[in-house]
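> Fold the following, please.
(one chain, ligands or ions: 1)
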Amino acid sequence: MKLGFIGVGKIATSVIEGIFNTKINIKEIILSPKNRQNTNSLRNKFKKIKIAKSNQDVLDKSNWVVLSITPKVGKQILKKLKFKKNHIVLNFMSTIHNQELKKIIFPAKQIFKIAPLPMIKYNLGPIIIYPKNKTIENFFNKLGKVISTSNENENKKLWVMTSFMATYLEIFNTAHKWFVKNRINQNKSKEYINHLFRALNNELIKNSNYSIDKMVKEFQTKGGINEELLMRAKKSGIFKNLNKGFDKIYNRVK
Ligand SMILES: NC(=O)c1ccc[n+]([C@@H]2O[C@H](COP(=O)([O-])OP(=O)(O)OC[C@H]3O[C@@H](n4cnc5c(N)ncnc54)[C@H](OP(=O)(O)O)[C@@H]3O)[C@@H](O)[C@H]2O)c1
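Numbers count the residues shown, from 1 in each chain. Below you'll find the model as predicted:
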């Protein structure tokens, strides 16, 4: 497989690092020349990386093409490029859907919308694939947990939660900053919170058939400190606002 990347930013770099952590059989990875810092660092690290002369050169040299530019850049540059009929196109762009893309990159029509996340670098995290396809799923199965769908509305809803990463980390950060403000050593703070979050995620994974509502109740003692913090958080409107945020993101993604 000759895999080309148009756009070599944060997510493309994580995907490439992730690929080289697996035994996926890749002949060559061809990178678009913009963002020299990322392209040079990848080329210095991995033998199979080539930097193309132009975006068109990427397309001419690849059979699978990853579109990993922002939607705004995609709308500006893709119409000027010549795609091949048999290109397999992996569309990472959050707000450009396959139907719209098909018109822009004709005659290429094998298009898959993919949502990898930065944790793919360590071959972890969910990867949304739309529509379902065995070859594409086999490729990404080695890079993380594939969640595939052939229902476009479902695909758009799944994409909403890709917006949750920074907010999740900020919850961790809030706990960490509280510890540090109260003179807990940085390492001890991170160690405690890492283990707390990891163990709670483990509860969710191990009890995946169990009601999460019930689990939330079971992690509170009547009149205890978990009950108090949750009550205060609810009163502040944090969860209602998070829900409204998901709705807003859905409107943007759909
Ligand atoms: N980050 C995520 O977790 C994530 C997850 C799923 C999907 N996505 C999607 O993946 C896409 C890329 O996201 P990102 O986070 O990787 O953004 P990013 O770090 O900003 O990467 C975009 C890259 O495109 C390059 N670029 C700009 N103009 C270009 C051109 N004319 N030709 C070729 N490359 C060009 C930029 O280079 P310069 O820096 O030199 O301008 C930059 O390195 C977005 O559509 C996003 O919606 C991201």
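> In terms of helix, strand or coil, where does the nearest residue to Ile105 once chain neighbours are set aside fall?
With CB to CB, 6 or more residues apart in numbering as the criterion, Ile105 has its nearest non-adjacent residue at 4.5 Å, and that residue is Phe83. In short, each C-beta sits where N, CA and C put it, glycine included. Using DSSP: H, G, I helix; E, B strand; the rest coil, the structure places Phe83 in coil.
> who's in contact with Phe83?
Leu59, Val65, Val89, Ile105, Phe106, Pro107, Ala108 (CB atoms under 8 Å, 6 or more residues apart in numbering).
> Among the residues you listed, name the buried ones.
Neighbour-count burial (16 or more other CB atoms under 10 Å) applied to the contacts of Phe83 gives Leu59, Val65, Val89, Ile105, Ala108.
> And the third one, how far from Asn44?
If you measure Val89 against Asn44 using CB to CB, to the nearest Å, the figure is 28 Å.
> before we move on, the earlier item: closest to Ile127 out of the buried ones among the contacts of Phe83?
For those, the residue nearest Ile127 by CB to CB is Val89; the value is 16.2 Å.
> Tell me the bridge partners for the closest one.
Val65, Ile111 (DSSP bridges).
> Mind pulling up the pLDDT for it?
With respect to pLDDT, Val89 scores 98.
> what about the strands in the protein?
Assigned by DSSP state E, the chain shows strands spanning 2-6, 28-31, 49-51, 64-67, 88-91, 110-115, 126-130, 145-148.
> contacting residues around the third one?
Strand 49-51 is contacted from outside by Ile16, Glu28, Ile29, Ile30, Leu31, Pro33, Thr39, Asn40, Leu42, Arg43, Lys61, using CB under 8 Å, 6+ apart.
> Please tell me the pLDDT value assigned to the residue in the stretch 151-254 of the chain that the ligand sits nearest to.
When scored by CB to the nearest ligand atom, the stretch 151-254 of the chain has Thr162 as its residue closest to the ligand, at 5.6 Å. Thr162 carries a pLDDT value of 97.
> same deal with Asn202?
97.
> Now do Leu67 against Lys240, distance only.
36 Å.
> So between those two, which is more surrounded?
Leu67 (25 against 10; other CB atoms under 10 Å).
> and the more buried one, what does it touch?
Ile6, Gly7, Gly74, Leu78, Val89, Leu90, Asn91, Phe92, Met93, Leu101.
> For Gly224, state which of those residues is nearest.
Gly224 lies nearest to Phe92 out of those, by CB to CB, at 44.6 Å.
> nearest residue to that closest one other than its sequence neighbours?
With CB to CB, 6+ apart, the residue lying closest to Phe92 is Ser68, at 4.7 Å.
> Quick check on the residue of the chain most remote from its centre: phi, psi?
Here the centre of the chain is the reference, and by CA atoms, centre = their mean the most remote residue is Gly223, at 39.4 Å. Backbone geometry at Gly223, expressed as degrees, to the nearest 10, gives phi 80, psi 0.
> dump the residue contacts of it.
With CB under 8 Å, 6+ apart as the criterion, no residue contacts Gly223.
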